[in-house]
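Engineer: Here's a sequence, model it:
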Amino acid sequence: MTLVLVAHGSADPRAALQTRALARAVGGVAAFLDHAGPRPASVLRDLSLAGHRSAVVVPLLLTSAYHGRVDLPAALAGLELDVALADVLGPVDGVVPPELLDALALRLGSALRSSGSYDGLVLAAAGTRDADARETVSLSARALGERLGVPCTAAFATSDGMRPAEAVARLRAAGARRVAMSAYFLAPGKLYDLAAAGARGAGAVAVTRPLGASPDLARLVRRRAASARVLVPA
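Structural biologist: Sure, this is the predicted structure:
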């Protein structure tokens, strides 16, 4: 069964490069909901024309907000092959994937090699108006903080919720001396740059890179694909 990884897409070309690298790492094909191509329906039609009868679609999304609940299912409608739609890469049913925490911790370790220790952490995400989706980011922040033994606060580059700069300032006001920002982003782009600049401007000692094609994220993609259960029949 062919694996199709579907990202939101970005006007920043770095994002598509990261998505395609992750797709190659898992032996799959990349598709995008916006900005970049190809679109999911185009990829799946090509697979059907090539003789494939089924495919697994893995959303490269960290929350089940509008793109995961509405845009992606709409893009998969009316296809001529059976499609299994996997869960997003973020928390599902209140469970934070261990591979996601592994990937975040690895990126943090890399970012802190030259800047030393930290005693506070901000998990910075893109942002969404969906309160349930924001809560899953907060859930990931709590899980990451528990794993690393430091207070960890969720923040958002846009929309509702605390901004990364404010989160850094609050942690420092609460007594943290060295606050780092962990990027809850799959790929670089405008919103990642905005979050990183805000955190650095507020005094963050380190900012991690997006998760990209990290081995832990590739393991999570494979596990999500193996447990895909929402069938979109031809």
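Engineer: would you list every one of the helices in the chain?
Structural biologist: For the chain, applying DSSP state H gives helices covering 13-25, 40-49, 66, 72-75, 98-111, 131-148, 164-173, 190-201, 215-226.
Engineer: So for T2, which of those sits nearest?
Structural biologist: helix 40-49 (5.6 Å; Cβ to Cβ). Heads up, the C-betas are built off the backbone N, CA and C, glycines and all.
Engineer: How far off centre is the closest one?
Structural biologist: 24 Å (Cα atoms, centre = their mean, to the nearest Å).
Engineer: Mind listing what's buried along that helix?
Structural biologist: 40, 43-44, 47-48 (16 or more other Cβ atoms under 10 Å).
Engineer: what's in contact with it?
Structural biologist: Residues outside helix 40-49 that contact it (Cβ atoms under 8 Å, 6 or more residues apart in numbering): 2, 4, 6, 29, 31-33, 38, 55, 57, 72, 75-76, 79-81, 83.
Engineer: now stretch 154-166
Structural biologist: 122-129, 131, 134, 137-138, 140-141, 153, 167, 170, 181, 184, 191-192, 194-196, 198-199, 201-202, 204.
Engineer: Of these, which count as buried by neighbour count?
Structural biologist: Buried among those (16+ other Cβ under 10 Å): 122-128, 134, 137-138, 140-141, 153, 167, 170, 181, 184, 191-192, 194-196, 198-199, 202, 204.
Engineer: ok, the residue located most distally from the centre of the chain - contacts?
Structural biologist: Taking Cα atoms, centre = their mean as the measure, the residue most remote from the mean C-alpha position of the chain is G51, 31.5 Å away. For G51, no contacting residues are found, by Cβ under 8 Å, 6+ apart.
Engineer: List the contacts of the residue nearest to S64 when sequence neighbours are not counted.
Structural biologist: Nearest residue to S64, sequence neighbours excluded (Cβ to Cβ, 6 or more residues apart in numbering): V88, at 5.3 Å. Applying Cβ under 8 Å, 6+ apart to V88 gives the contacts 59, 61-64, 68, 224.
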